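# generate a structure from the sequence data that follows.
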Amino acid sequence: MWLGIVVSVVALALALLGIDPRQVAENLAGARYGYLIPAAVALLAYEAARSFRWRLLLGPEVSLARCFWITNVGYLVSNILPLRLGDPARAVAIGIEGKVKVSAALSTVVVERVLDMLMVVLLLLISLPFVAQAGLLQSVGVLAGLVAFIVLAAMVLIALRPEWVRGFARWILAHLPRLNAARWLGMLDGLLDGLAALRSPRRFAETLVWSVVAWVFVVGFYWGMLWVFRDQPPLVQGSFLTCGIGLGMALPSAPGAVGVFHSAAEYALHLPFGISKEEAFTIAFVSHAFQYAFSSILGLIGLAQLGLSLGQLGADAAATAAVAEESE
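Alright, predicted model coming up:
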């Protein structure tokens, strides 16, 4: 938690370094806020596409509406609580019905994150030919893509050969008599259940398609945010901004990714496209504030729809995260 706070403070300081507040105020005053409407539509479509993808990973036992509301509840939790508890909170919320194990839901969340990183890297590769100076982002993207590909390949192998993992786990537990073998094996079975979609070529392909669709809408959202402040911004600016923010989100940060989001967005606009730091920061600030408010409002509605308590969900998510960390 403290590492995330330190990173956020440093990143926010870097984003604000050399900024003229008067210019930022002028940018805010001269913005065309009507473009927030299509940006909001793109953001809503993105969250709907993520819900379709998550339901494919979870299976037909969970309704699409529940996936949508819990996805937004996860955003709300990450916006206000440290340690990015939104992902384990989603797993906890899905597991409340009893149709899917919490451990299985947690596996699907990990698969989602890996697929998202692959989509960001793919988008970066598509954008690079149209960007004059990518700088550090290009190297970070290549490394992140390599790691994500290796992790996804490993998960596919585990999904196809679960008996290998179970056999290795039994061997390990046999040498650790103090651990409750039945409990840990039960948790392992849940984690393996969460990888079921990777065993089906059709479900895996559909998951990839919905991943592409989701990230197309993300680009649409950030492109719409650029239209709020700039005249006819090229699409590549929206796509490269998406890449910068997507890779930046891999860093530890304070709740809501404050600072990290702003610094990554400013870097992605200022360095390769020559957009002034003031304008780049303004775009980053409004994009973050709009996205934060939008997802938080939907998250609050989701809590009401599902009859969940944010406090209890956060506590259960923290416990789930602690168990996951212990299992590592």
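# from L137, how far off is S263?
Here S263 is placed at a distance of 12 Å from L137 (C-beta to C-beta, to the nearest Å). (Each C-beta comes from the backbone N, C-alpha and C, glycine too.)
# quick one, which of the two is more surrounded?
S263 (26 against 23; other C-beta atoms under 10 Å).
# give me the residues contacting the helix or strand hosting the more buried one.
If you go by DSSP states H and E, S263 is part of helix 260-273. Identification of contacts with helix 260-273 by C-beta atoms under 8 Å, 6 or more residues apart in numbering yields 7-8, 11-12, 14-15, 131-135, 137, 237, 240-241, 243-245, 247-249, 251, 253, 275-277, 279-281, 283-285, 287-288.
# so what secondary structure elements neighbour the helix or strand containing V147?
V147 is located in helix 136-160, with elements delineated by DSSP H and E. Here helix 136-160 touches helix 102-127, helix 235-248, going by 3 or more C-beta pairs under 8 Å, 6 or more residues apart in numbering; DSSP states H and E.
# what comes into contact with the shortest one?
For helix 235-248, the surrounding residues in contact (C-beta under 8 Å, 6+ apart) are 116-117, 119-120, 123-124, 126-127, 130-131, 134, 137, 140-141, 144, 215, 218-220, 222-224, 226, 230, 257, 260-261, 263-265, 267-269, 272-273, 283.
# among those residues, name the buried ones.
For the contacts of helix 235-248, a burial check counting by 16 or more other C-beta atoms under 10 Å picks out 116-117, 119-120, 123-124, 127, 131, 134, 137, 140-141, 144, 215, 218-220, 222-224, 226, 230, 257, 260-261, 263-265, 267-269, 272-273, 283.
# leaving out sequence neighbours, find the closest residue to Y33.
V228 (6.3 Å; C-beta to C-beta, 6 or more residues apart in numbering).
# any buried residues in the host helix or strand of that neighbour, and which?
Assigned by DSSP H and E, V228 belongs to helix 201-229. For helix 201-229, the neighbour count (16+ other C-beta under 10 Å) marks 204, 206-207, 210-211, 213-229 as buried.
# isn't A39 right next to M225, touching?
Yes. Here A39 reaches M225: they are 5.5 Å apart, a contact under C-beta atoms under 8 Å.
# identify the contacts common to the two.
Common neighbours of A39 and M225 (criterion: C-beta under 8 Å, 6+ apart): F290.
# do you know how far the closest residue to S253 other than its chain neighbours is from R53?
Distances taken as C-beta to C-beta, 6+ apart put V260 closest to S253, at 4.1 Å, once the chain neighbours are dropped. Distance of V260 to R53, given as C-beta to C-beta: 24 Å.
# and C67, by the same measure?
C67 is 9 Å from R53, where distance means C-beta to C-beta.
# neighbour-wise, which of those two wins?
Higher neighbour count among C67 and R53: R53, with 27 against 21, using other C-beta under 10 Å.
# show the contacting residues for that one.
R53 neighbours (C-beta under 8 Å, 6+ apart): 112, 115, 207, 210-211, 214.
# okay, and it sits in which element?
Per DSSP H and E: helix 36-58 holds R53.
# right, and the helix or strand after that helix?
Assigned by DSSP H and E, the successor of helix 36-58 is helix 64-80.
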